[in-house]
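Chemist: what follows is a predicted protein model with its sequence.
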Amino acid sequence: MTKKVQWDNTAVNMLRECNRKYYFSQLLASKNRSNPLQRKVHELKKMQTLSMWQGSVVDKFMETVIIPKINNKETLDFDSLADEAVEFAQKQFDYSRQRIYTDPIAGKLETALDFCILDIHEQGKSYEENEIAEAYINIRAAITGLPEIRMPDGQTLLGFLKQCNALTPNVFTWKVEIEQAAVKPQIDLLAQYNWKPVVIDWKLSRSYLADYSRQLIICGLVVFLKRLENKDKQPYAYEDIQLFEVNLFKRTVKQHEFTEERANDMIDEINLTSRDILLLRGKDEEPDIDDFEGTDNDGSCKICSYRSICAYLYLNNNSYDEKAFAEFVQATQSA
């Protein structure tokens with residue numbers, strides 16, 4: 001049987017940025033508590049900055065509250081919903097502050113809505129109370145601003161969603177195989193509008209330069225190929241699949257064109273990068289950390305979630321001690 005590589009856009013970006021970062025995230029991280037190093041790397045993988053966290057709160061709130069209410073045709077009171085979203089965020093903040101994720105019993109319930117690991121708690125990074133207050137303000141604004149968002153054709157986002165034949169949030173089980181790659185993206189919202197597929201990706205970035213088209217095209221490609229697997233239904237045409245990037249902070253909607261050329265270009269890239277990953281990983285079931293070189297880009301290191309564990313292992317001949325690592329992180333943050 002041909003060996004398949006689990007392929008996703010985030011992993012490929014990590015590989016390009018730093019081989020060692022790819023190793024930590026994709027090969028070493030594990031929920032397994034019997035291996036302290038793997039568990040710590042897993043916690044670092046789940047760790048978020050305050051900026052990332054407020055985005056994930058709104059994303060999860062859309063998935064678990066807003067979309068189900070639209071599906072149930074409930075009346076939406078956005079002031080009350082904003083209060084609920086902030087309360088949801090506060091519970092997550094307390095979960096992280098109390099470091100419940102380190103508890104052998106409570107910490108393994110990672111599917112719980114209040115599960116959260118913030119870098120200010122995990123790594124003791126300094127922050128001001130006004131930063132937390134601002135995060136809650138941003139979360140509230142993202143929810144109360146939903147009625148103002150309009151689709152490219154002028155109709156409101158909420159009106160569009162209410163007209164959809166089906167709304168399925170957080171689709172993460174759809175997988176297709178493309179030569180040596182198994183591709184299974186996370187789709188924020190998969191809708192059916194006039195019985196044609198619509199992929200919606202919630203974004204909360206304030207940047208006007210960020211390009212999320214690749215991520216959406218990957219999702220569109222999986223929807224397209226998944227339909228081909230169903231021999232009982234007519235295949236989708238490329239133009240049947242609509243891709244929308246909805247920025248909940250900027251209250252904008254950007255449509256990304258899905259064409260045969262874009263789909264084929266993505267297939268070529270998946271094939272090329274999956275071969276690169278297989279060559280890097282080799283035939284070993286447990287690749288050696290020494291086979292994965294770090295980057296010499298100090299800028300990338302400064303914002304890397306694995307910076308502390310990477311430096312500690314470099315200095316200690318890849319030997320890990322939980323207590324010594326905690327002291328190392330504390331000393332690093334104090335310096």
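Modeler: Sure, I can see it. Numbers count the residues shown, from 1 in each chain.

Chemist: from here on, contacts and neighbour counts on C-alpha atoms
Modeler: Noted.

Chemist: so where is the stretch 101-250 of the chain shaky, pLDDT-wise?
Modeler: The stretch 101-250 of the chain contains residues with pLDDT under 70 at 106-109, 207-209.

Chemist: ranges for the helices of the stretch 51-200 of the chain?
Modeler: 67-71, 78-97, 119-122, 129-144, 157-163 (DSSP state H, counting those that start in this stretch).

Chemist: out of the ones you listed, which comes closest to residue 16?
Modeler: Nearest to residue 16 among the helices of the stretch 51-200 of the chain is helix 119-122; the distance by Cα to Cα comes to 23.8 Å.

Chemist: so what secondary structure elements neighbour the closest one?
Modeler: Where contact means 3 or more Cα pairs under 8 Å, 6 or more residues apart in numbering; DSSP states H and E, helix 119-122 is packed against helix 78-97.

Chemist: try it again at 10 Å.
Modeler: Packing contacts for helix 119-122, counted by 3 or more Cα pairs under 10 Å, 6 or more residues apart in numbering; DSSP states H and E, involve helix 36-46, helix 50-61, helix 78-97.

Chemist: can you pull the buried residues of that helix?
Modeler: Applying a neighbour-count criterion of 16 or more other Cα atoms under 10 Å, the buried positions in helix 119-122 are 119-120, 122.

Chemist: which outside residues touch that helix?
Modeler: Helix 119-122 has contacts (Cα atoms under 10 Å, 6 or more residues apart in numbering) with 43-44, 46-50, 53, 93, 96-99, 101-102, 125-127, 305, 326, 329.

Chemist: quick one, which of those residues are buried?
Modeler: Applying 16+ other Cα under 10 Å to the contacts of helix 119-122, the neighbour count classes 43-44, 46-48, 50, 53, 93, 96-97, 99, 101-102, 305, 329 as buried.

Chemist: test my guess that residue 202 contacts residue 246.
Modeler: Yes - contact criterion Cα atoms under 10 Å: residue 202 and residue 246 qualify, at 5.1 Å.

Chemist: can I assume residue 294 is in contact with residue 14?
Modeler: No - taking contacts as Cα under 10 Å, residue 294 lies outside contact range of residue 14: 11.2 Å.

Chemist: so what sits against both of these two?
Modeler: Shared contacts of residue 294 and residue 14, defined by Cα under 10 Å, 6+ apart, comprise 20-23.

Chemist: residue 245 bridge partners, please.
Modeler: Under DSSP bridges, the beta-bridge partners of residue 245 are residue 201, residue 254.

Chemist: before we move on, the earlier item: looking at the helices and strands packed on helix 119-122, which is closest to residue 191?
Modeler: Nearest to residue 191 among the helices and strands packed on helix 119-122 is helix 50-61; the distance by Cα to Cα comes to 16.0 Å.
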